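Enquirer: Need coordinates for the following:
(2 chains)
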Amino acid sequence: MTKKYITTAIPYMNAAPHVGHAMDYCLADVCARYNRLIGNEVKFQAGTDEHGGKIFRKAKEAGIPVEEYVSRNVDVLKSFLEKLNVSYTDFVRTSDELHKRNVQEIWRKLKEYIYTAKYEGWYCSGCERFITEKEYDENNGLCPDHKKPYERLEETNYYFKVGEFKDRIREAIVSNEMVILPEFRKKEVLKLLDESPDVSISRPKEQLSWGIPVPDDDSQVMYVWFDALSNYITILGYPEKQISDWWPAEVQFVGKDVLRFHAIIWPAMLLGLGLPLPRKLLSHGMVLCDGQKMSKTVGNVVDPIEVIDKHGVDAFRYYFLRHIDTFADSDFTWEKFENAYNNELANDLGNLVQRLAVLVSKNQIDVVDEDIDLDNYREYLKLMDQFEYTKAFDYIWERIQELNRKIDEEKPWEMAKAGKTTELIDCLSVLIRSLLDVSWMLSPFLPETADKINNIFKGKIEPPKTPLFPKN
RNA sequence: CGCGGGGUAGAGCAGCCUGGUAGCUCGUUUGGCUCAUAACCAAAAGGUCGUUGGUUCAAAUCCAACCCCCGCAACCA
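Expert: Residues are numbered from 1 along each chain as shown, chains lettered A, B, ... in the order given. Now for the predicted structure:
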């Protein structure tokens, strides 16, 4: 039994989760369930990123103490994970005492790579942040949100020497010591690496009160990325505990938008701590709605809960794992969702289970439990190991279509009418066996459905009272 | 000349690395079947593979130039 540590990016707690957040969790959950299926022991982290000025302001706007504000959002996220049927094993909050203490220790350990420097730039007191020169030029020196002119401001911050580690990071990426998937993202990161400057990792307290204090300096708090990235190891107990059982992570799932932090700053931190780099970084695409990035102003935000409540978790997971590309951006529309649901889940799979169950219920046969022989699943295992989840689905669906075809060709109902019992039983046994294979392969993706199928064909076989995927 | 991805049937995509009759899913049309959730099975229609030029016996595939879309450029999942 091999130990595998799987992580997800921790969402920033300034709003309720939307379908975009589901990507990370769906992918990681499949990976986790798949690993358990083939006999590995899995630690599966999830958590929340709770510090920073943005959250502080949001809480203030809502008129709630910031601790309560984030706690509420954490509850929302947790119930979301439950609804999504995500099998995480550990949950970290960056406001946890243990996390805070450990991050401060991490800071201390990295001290030789931390220095102070002055930063001077354009600043908007409304946004409470610095803006780039380019942004300044584009907006002609006036903040579009606050209609106020930018001010020239200077502040002293702590910086982390990312530059020290660039060569080693590049080497690790090129040699696949740290694999970045997909390949085109790897190229992107290698390019970005050249231009990566040292990063600021603190802010003056007056500007950012909601954060972890910098050790031995009351005037500064940590910048959120330093705080947030550390979660992957503070949850394991680092540096208080030995973490070599679980670290390095087998795979860290991140959105393409945060890949740069995970592929450059995070490895720099790890190298500074003398820890190994994660084995794989998987960067997935974004979910678009009607071809556009989701945004409240456009009004195209899809509420994942609505989808789940309407058609069930597995329908949701199915759509996001098969029809949202694992690596590239893809589109969610209700039309596409309904299509996939009706054609693929209800007609192909649901109806197959139904017709087979009915056939067998009229001619009861015992299904013998057979041990899974992984050799029969080589193609599937290969795709799963490469995170080719949409292709794995294609493969499974070919099996499903094959079964439907086979039933049509062999016409077991005619065997029944003709009284050819032996032939009939042989035929049905083979069909059921194949369907259970399908169910096995499906189980990391659609755990509920796989369970239902297994239960139908266990003991006395009866067609399910309600279809697997009812149409409406 | 910032970087990256892409332009293939009505839609969504594969094929391109390793040139050789253009493929998949959905949709459309027709036929078959009746065990099944009006489901399932079979067949058909539908493409000058972004444009132009080059290499080659042969180019969606290799090379060059150009056009058009879409992401990214320090906190956006």
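Enquirer: switch to C-alpha atoms for all contacts and neighbour counts from now on
Expert: Noted.
Enquirer: gap between whichever residue of chain A sits closest to RNA strand B and residue A:470?
Expert: The nearest approach of chain A to RNA strand B comes at residue A:350, 2.7 Å away (C-alpha to the nearest atom of the strand). Distance, residue A:350 to residue A:470, using C-alpha to C-alpha, to the nearest Å: 8 Å.
Enquirer: Pick out whichever of those two has more residues nearby.
Expert: residue A:350 (19 against 14; other C-alpha atoms under 10 Å).
Enquirer: would the more buried one count as being in a helix?
Expert: Yes - looking at residue A:350 with DSSP: H, G, I helix; E, B strand; the rest coil, it is inside a helix.
Enquirer: Name the nearest residue to it, sequence neighbours excluded.
Expert: Of all residues not flanking residue A:350 in the chain, residue A:468 sits nearest, at 5.3 Å (C-alpha to C-alpha, 6 or more residues apart in numbering).
Enquirer: check contacts around that neighbour.
Expert: A:346, A:350, A:353, A:449, A:452 (C-alpha atoms under 8 Å, 6 or more residues apart in numbering).
Enquirer: measure the residue of chain A closest to RNA strand B to residue A:209 for me?
Expert: Counting by C-alpha to C-alpha - residue A:350 and residue A:209 are separated by 54 Å.
Enquirer: Repeat that for residue A:312.
Expert: Going from residue A:312 to residue A:209 by C-alpha to C-alpha gives 42 Å.
Enquirer: Please spell out which residues along stretch A:272-280 are buried.
Expert: Using 16 or more other C-alpha atoms under 10 Å as the burial criterion, the residues of stretch A:272-280 that qualify are A:272, A:277-280.
Enquirer: could you dump these to a markdown table with distance to residue A:462 and pLDDT?
Expert: Output for the buried residues of stretch A:272-280, formatted as a markdown table (distance: C-alpha to C-alpha, whole Å; pLDDT from 0 to 100):
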| residue | distance to residue A:462 | pLDDT |
| --- | --- | --- |
| A:272 | 61 | 95 |
| A:277 | 51 | 95 |
| A:278 | 48 | 95 |
| A:279 | 46 | 94 |
| A:280 | 45 | 92 |
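Enquirer: Reformat those as JSON lines; add distance to RNA strand B and secondary structure.
Expert: Shown next, in JSON lines, are the buried residues of stretch A:272-280 (distance: C-alpha to the nearest atom of the strand, whole Å; DSSP: H, G, I helix; E, B strand; the rest coil):
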{"residue": "A:272", "distance to RNA strand B": "18", "secondary structure": "helix"}
{"residue": "A:277", "distance to RNA strand B": "21", "secondary structure": "coil"}
{"residue": "A:278", "distance to RNA strand B": "19", "secondary structure": "coil"}
{"residue": "A:279", "distance to RNA strand B": "20", "secondary structure": "coil"}
{"residue": "A:280", "distance to RNA strand B": "17", "secondary structure": "strand"}
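Enquirer: next one: phi and psi at the closest residue to residue A:27 other than its chain neighbours?
Expert: Residue nearest to residue A:27 in three dimensions, not counting chain neighbours: residue A:321, with 7.1 Å by C-alpha to C-alpha, 6+ apart. Backbone geometry at residue A:321, expressed as degrees, to the nearest 10, gives phi -90, psi -20.
Enquirer: Look at residue A:42 and say how many residues are nearby.
Expert: Using other C-alpha under 10 Å, the number of residues around residue A:42 comes to 23.
Enquirer: and it, bridged to which residues?
Expert: Per DSSP bridges, the residues bridged to residue A:42 are residue A:4.
Enquirer: quick one: secondary structure of the residue nearest to residue A:350?
Expert: Note that with three-state DSSP, the state of residue A:468 is coil.
Enquirer: how near is it to residue A:231?
Expert: For residue A:468, the distance to residue A:231 equals 39 Å [C-alpha to C-alpha].
Enquirer: mind listing what the nearest residue to residue A:449 once chain neighbours are set aside touches?
Expert: Counting by C-alpha to C-alpha, 6+ apart, residue A:449 lies nearest to residue A:314, which is 6.9 Å off, once chain neighbours are set aside. Taking C-alpha under 8 Å, 6+ apart, we find residue A:314 in contact with A:445-449.
Enquirer: let's see it at 10 Å
Expert: A:84-85, A:308, A:320, A:345, A:445-450, A:469 (C-alpha atoms under 10 Å, 6 or more residues apart in numbering).
Enquirer: okay, the residues you listed in JSON lines with pLDDT, neighbour count and distance to residue A:92 next?
Expert: Below are those laid out as JSON lines (pLDDT from 0 to 100; neighbours: other C-alpha atoms under 10 Å; distance: C-alpha to C-alpha, whole Å):
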{"residue": "A:84", "pLDDT": "94", "neighbour count": "21", "distance to residue A:92": "18"}
{"residue": "A:85", "pLDDT": "96", "neighbour count": "18", "distance to residue A:92": "18"}
{"residue": "A:308", "pLDDT": "91", "neighbour count": "16", "distance to residue A:92": "25"}
{"residue": "A:320", "pLDDT": "89", "neighbour count": "24", "distance to residue A:92": "25"}
{"residue": "A:345", "pLDDT": "96", "neighbour count": "22", "distance to residue A:92": "35"}
{"residue": "A:445", "pLDDT": "96", "neighbour count": "25", "distance to residue A:92": "24"}
{"residue": "A:446", "pLDDT": "96", "neighbour count": "21", "distance to residue A:92": "26"}
{"residue": "A:447", "pLDDT": "97", "neighbour count": "19", "distance to residue A:92": "25"}
{"residue": "A:448", "pLDDT": "96", "neighbour count": "15", "distance to residue A:92": "26"}
{"residue": "A:449", "pLDDT": "97", "neighbour count": "19", "distance to residue A:92": "30"}
{"residue": "A:450", "pLDDT": "96", "neighbour count": "19", "distance to residue A:92": "30"}
{"residue": "A:469", "pLDDT": "95", "neighbour count": "20", "distance to residue A:92": "35"}
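Enquirer: which bits of the stretch 1-150 of chain A sit near RNA strand B?
Expert: With C-alpha under 7 Å from any atom of the strand as the criterion, the stretch 1-150 of chain A meets RNA strand B at residues A:9, A:11-12, A:19-21, A:23, A:131-132.
Enquirer: Following element in sequence after the worst-scoring helix or strand of chain A on mean pLDDT, please.
Expert: The helix or strand of chain A with the poorest confidence is helix A:133-138; it has a mean of 67 (mean pLDDT, DSSP states H and E). Moving toward the C-terminus from helix A:133-138, the next helix or strand (DSSP states H and E) is strand A:151-160.
Enquirer: Check which element follows that following strand along the chain.
Expert: Once the chain leaves strand A:151-160, the next helix or strand it forms, by DSSP H and E, is helix A:166-174.
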